[in-house]
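> Sequence first, then the predicted structure, then my questions.
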Amino acid sequence: MPRPSPLEVYAVLDKSNCKECGYDTCMAFATDILERKVRVQDCPHLMQDPKQAKNRDKLIKLITPPQKPVIVGIGDRAAIIGGEEVLMRHQLTFYNQTAIFIEIADDDADLEETIKYLTALKLERIGEVLTLDGVALRNVSGDKEQLKLAAKKIADLSNLPIMLCTFNVDNLLFAAEAIKDKRPLLYAATKDSWEQIGKFAVQYNLPVAVFSNNLDELMSLSATLQKLGVKEIVLDSGTFFGSGNLSVTYNKIMQLRSSAIVKEDVNAGWPIMGVPAVYWNQENIGDTKELWEHQFQEIIMGAIMESIDTNLIVLHTGQKKEEIWALLALMTLRQSVFSDPRIYPAVDAGITKIGEPDEMAPIFVTSNYRMTKIPVEQDLQGANLSCWLLVVDTEGIGIESAVAGGQFNAGGIAEAVKEFKVFDNVKHRVLVIPGMAARLSGALEDEADAFVVVGPRDSSGILKFIETQWKPEDFMKEYASWEK
Ligand code: SF4
């Protein structure tokens, strides 16, 4: 089914333009509901007027994506997974990024410390704060009391969503009963346990993960659970390591995604999960490799899964502080895959003050490509420099390409210098341009009537540049000696 248009959505709205949703018109509401900026619940007419119940149901049907979303956990950190409309990111955008859950054993002696660390973990990259999405609590002890105790402890200490993991149904439901108000994900219903787990999930309205490495069986389990009344399902077709098994894992996930999104198969139309952490369950894992080499295998699987929009992954590596490298890799990749391709990666041109610059503080020049401007700004702040950063409109293109393509040119920089009254802030006329734009220096000196210094090729080298090469008085003496 093609994506509905705003007009189709408008057709089932009240059309009174009452503004109670905060929008001036129902048409504006229709446009934003398709972008998931508002929900059906935000229109009181649809929700409260019994005469509009039919239209409300029509609207819900119209905007429900072929892969339905599932919510794990509650509150601010509840994880919304799935809910995608396209197979490839460039066809529209992916809406909900791969949720990263870190596994913890229920008998882990450091459970308290680990959960506090994972909950607080934050990485800042190009202006966004990256965090983890949940905890997969494994019943390693095999004891139901231990699982319940650990689940309650995590629920008390953290607001991270919890996935309870065991194939022992009694243990799973015993622990789930204790934290059911936190909306845990029950992992996993199989051909042997679907009925008991399904009934429990219906009773408490909980999401259920279904596991089978046979896709037909997985679809049949999904159909049966839906018939039973389960409202939210997550599909796990298995994660396999070893020769040839990477492609097996990949193909199954892609088959499920294609069935959901292209064929609109309602049994496949649920989020998909993968468990790179099963790497550590292999019996003959071998001891000839270093630890990091093993960890690397797990992280590669995680990266592959993220890049094909697997909706939830469970990792073993990343639990400890010294394993932050693994999370850095996966969170950075995730940030790139799930950025919206419809939003141009540009920031506004202008002049930014960093720290408390004095009258001889340097003025650095950069492009308005988001991934250039923000890291440069962070490098300057990280180096504790007080300076000015002039951001030139390069149509959102990075320095190297913009120099080649002509968007970062002497005339454009000179215009920005004038427009933003750059030299009004200081008592010099020196500009520091990126090393990659060195060839613009002569022309820029003429166009901007400035002394131009070529800075480092990468902003991480700015501190060293300032310490060894920033001599504004000398530059100004040379500038003064020029024949005008
Ligand atoms: Fe239209 Fe409903 Fe918004 Fe009123 S609250 S403007 S009826 S969408």
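Arrived safely.
> hey, let's count contacts and neighbours off CA atoms from now on
Will do.
> Run through this protein and note the low-pLDDT ranges.
284-287, 483-484 (pLDDT under 70).
> Which residues of it lie near the ligand?
The chain comes close to the ligand at residues 14-21, 23, 25-26, 29, 43-45, as judged by Cα under 6 Å from any ligand atom.
> So which of those residues is surrounded by the most neighbours?
Phe29 (26 neighbours; other Cα atoms under 10 Å).
> With adjacent residues omitted, what lies nearest to that residue?
Tyr23 (6.1 Å; Cα to Cα, 6 or more residues apart in numbering).
> right, and the helix or strand after the helix or strand hosting Val403?
Assigned by DSSP states H and E, Val403 belongs to helix 399-405. For helix 399-405, the following helix or strand on the C-terminal side (DSSP H and E) is helix 410-419.
> Send me the helix or strand that that next one is followed by as PDB with only the CA atoms.
Sequence order places strand 430-433 as the next helix or strand after helix 410-419, per DSSP H and E. Extracted in PDB, the C-alpha atoms of strand 430-433 (Å, rounded to 0.1, in the frame of the first residue of the first chain):
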ATOM      1  CA  VAL A 430      43.900  37.700  10.700                       C
ATOM      2  CA  LEU A 431      41.800  34.700   9.500                       C
ATOM      3  CA  VAL A 432      42.800  31.100  10.100                       C
ATOM      4  CA  ILE A 433      41.500  28.900   7.300                       C
END
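> Contacts for strand 430-433 next, please.
Strand 430-433 has contacts (Cα atoms under 8 Å, 6 or more residues apart in numbering) with 362-366, 441, 450-455, 472, 475-476.
> Got a ChimeraX select line for the buried ones in those residues?
Isolation of the buried members of those (16 or more other Cα atoms under 10 Å) is achieved in ChimeraX through the command below:
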select :362,363,364,365,366,441,450,451,452,453,454,455,472,475,476
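> Now intersect the contacts of strand 430-433 with the helices, please.
If you go by DSSP state H, the contacts of strand 430-433 have 441, 472, 475-476 in helices.
> and of those residues, the nearest to Leu385?
Leu385 has its nearest neighbour among the ones in helices among the contacts of strand 430-433 in Pro472, at 15.0 Å by Cα to Cα.
> Name all residues that make contact with the closest residue to the closest one other than its chain neighbours.
Leaving aside its sequence neighbours, Pro472 sits nearest to Met360 (Cα to Cα, 6+ apart; 6.7 Å). Applying Cα under 8 Å, 6+ apart to Met360 gives the contacts 426-428, 472.
> Closest to the ligand out of the residues you listed?
Val426 (50.9 Å; Cα to the nearest ligand atom).
> Find the nearest non-adjacent residue to the closest one, please.
Closest to Val426 by Cα to Cα, 6+ apart is Glu359, at 4.2 Å.
> In what element of secondary structure is the one you found found?
Here Glu359 is assigned to no helix or strand, by DSSP H and E.
> Neighbours of it, how many?
Neighbour tally, Glu359, other Cα under 10 Å: 13.
> tell me which element Leu118 falls in.
Assigned by DSSP H and E, Leu118 belongs to helix 111-120.
> partner strands of the helix or strand just after that helix, parallel or antiparallel?
On the C-terminal side of helix 111-120, the closest following helix or strand by DSSP H and E is strand 122-125. Partners of strand 122-125 in the sheet, by DSSP bridges, are strand 128-131 (antiparallel).
> just checking, Ser386 touches Glu356?
Yes - assessed by Cα atoms under 8 Å, Ser386 is found in contact with Glu356 at 5.1 Å.
> Where does Val70 sit: helix, strand or coil?
strand (DSSP: H, G, I helix; E, B strand; the rest coil).
> show me what contacts the residue of the stretch 101-250 of the chain at minimum distance from the ligand?
Among the residues of the stretch 101-250 of the chain, Lys231 lies nearest to the ligand; the distance is 26.5 Å by Cα to the nearest ligand atom. Counting by Cα under 8 Å, 6+ apart, Lys231 touches 202, 205-207.
> circling back to that earlier point, distance check, the residue nearest to Val426 against the ligand.
Look at Glu359 and the ligand: by Cα to the nearest ligand atom, to the nearest Å, they are 53 Å apart.
> if we can go back for a sec, among the contacts of Lys231, which are in helices?
Those of the contacts of Lys231 lying in helices (DSSP H): Val202.
> among the contacts of Lys231, who's most crowded?
Leu206 (26 neighbours).
> what's the nearest residue to it if we skip its chain neighbours?
Once flanking residues are discounted, Leu206 sits nearest to Arg183: 5.8 Å by Cα to Cα, 6+ apart.
> Quick check: the one you found touching Val70?
No - at 10.9 Å, Arg183 does not count as touching Val70 under the criterion of Cα under 8 Å.
> who's more crowded, Ser386 and Glu356?
More crowded of Ser386 and Glu356, by other Cα under 10 Å: Ser386, with 17 against 11.
> Need the contact partners of the helix or strand harbouring Lys148.
Using DSSP H and E, Lys148 sits within helix 144-157. The contact list for helix 144-157 (Cα under 8 Å, 6+ apart) reads 106-107, 111-112, 115-116, 137-139, 141, 162, 164, 170-172, 174-176, 178-179, 182.
> at 7 Å what do you get?
Contacts with helix 144-157, where a contact means Cα atoms under 7 Å, 6 or more residues apart in numbering, come from 106, 115, 139, 171, 174-175, 178-179.
> With Lys51 as the reference, measure out to Phe211.
42 Å (Cα to Cα, to the nearest Å).
> Can you show me the helices along the stretch 151-300 of the chain?
169-179, 194-204, 215-228, 245-261, 291-307 (DSSP state H, counting those that start in this stretch).
> and Pro411, how many neighbours does it have?
One correction, residue 411 is Gly, not Pro. If we define neighbours as other Cα under 10 Å, then Gly411 has 16 of them.
> For it, which non-adjacent residue is closest in space?
Nearest residue to Gly411 in three dimensions, chain neighbours excluded: Glu447, at 6.2 Å (Cα to Cα, 6+ apart).
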